[in-house]
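Q: I need the structure of the sequence given here:
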Amino acid sequence: MQPILDHLKSRYLNTNLHRTWLDENNYLATFPLWNLSNQLVGYQKYNPKGDKKTFNNPTLGKYYTYRTKPENAVWGLESWNVSNPLFVTEGIFDAARLTWNNMSAIAVMSNDPSDTVKNWLWTIRKFRPVVAICDNDAAGRKLAKFGTYSEVVEGHDLGDASNEYVDKLIKKYT
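A: From the prediction side, this is the model:
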């Protein structure tokens with residue numbers, strides 16, 4: 001099995017930009033989540049060997065997300081000044097496809113963000129284009145209403161899209 005760091009790079013995670021805590025012994029990666037004041041308020045644990053259907057289980061699930069309540073948590077704020085516009089996605093690996101390509105992108109960890117994150121996105125739209133990148137399902141399309149523009153991904157989600165598709169998407173909005 002390849003090292004966890006190599007696995008993350010194969011999923012287009014820029015570990016030079018994004019802080020990531022690695023546990024090679026257990027083949028896990030943990031991504032810190034920040035609030036809108038840039039304070040650490042949670043994390044998402046990623047277990048490539050886990051079961052995606054086991055929802056938010058810290059030992060069996062592929063993804064486990066923890067955040068302090070009532071804090072709003074997003075991933076990717078470190079990419080804020082990389083480019084204009086700001087891309088918004090549901091999940092970390094979707095946003096990682098964009099930051100890998102030197103774009104500003106955040107993951108809001110939901111298809112229907114909290115009211116505070118919604119208001120923040122509405123405020124951002126007044127001075128910067130926000131592009132909501134939606135998963136190709138009914139739930140994913142909910143994210144569309146929070147962007148200046150929105151795009152429903154061909155296939156299932158951006159994390160699994162081809163490089164050609166990602167390049168085309170970036171060129172469309174920059």
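Q: Return the distance of residue 33 relative to residue 138.
A: Remark: distance between residue 33 and residue 138 (CB to CB, to the nearest Å) = 26 Å. To be clear about C-beta, it is placed using only N, CA and C from the backbone, and glycine gets the same treatment.
Q: Just the CA trace of the least confident helix or strand in the chain by mean pLDDT, in PDB.
A: Least confident helix or strand of the chain, by mean pLDDT, DSSP states H and E, is helix 115-124 with a mean of 89. C-alpha atoms of helix 115-124 as PDB (Å, rounded to 0.1, in the frame of the first residue of the first chain):
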ATOM      1  CA  ASP A 115     -27.200  30.400   8.100                       C
ATOM      2  CA  THR A 116     -23.900  32.100   9.200                       C
ATOM      3  CA  VAL A 117     -22.000  30.500   6.200                       C
ATOM      4  CA  LYS A 118     -24.800  31.400   3.900                       C
ATOM      5  CA  ASN A 119     -24.800  35.000   5.000                       C
ATOM      6  CA  TRP A 120     -21.000  35.100   4.700                       C
ATOM      7  CA  LEU A 121     -21.200  33.800   1.100                       C
ATOM      8  CA  TRP A 122     -23.800  36.400   0.200                       C
ATOM      9  CA  THR A 123     -21.600  39.100   1.600                       C
ATOM     10  CA  ILE A 124     -18.500  37.800  -0.300                       C
END
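Q: And that helix, what's buried?
A: 117, 120, 121, 124 (16 or more other CB atoms under 10 Å).
Q: burial of the closest residue to the first one other than its chain neighbours, as a residue count?
A: Going back to what we said before, that points to residue 117. If the residues on either side of it in the chain are set aside, residue 117 comes closest to residue 72, at 5.0 Å by CB to CB, 6 or more residues apart in numbering. Residue 72: 23 surrounding residues under other CB atoms under 10 Å.
Q: I figured residue 72 hits residue 37, correct?
A: No - Residue 72 is beyond contact range of residue 37, at 9.8 Å (criterion: CB atoms under 8 Å).
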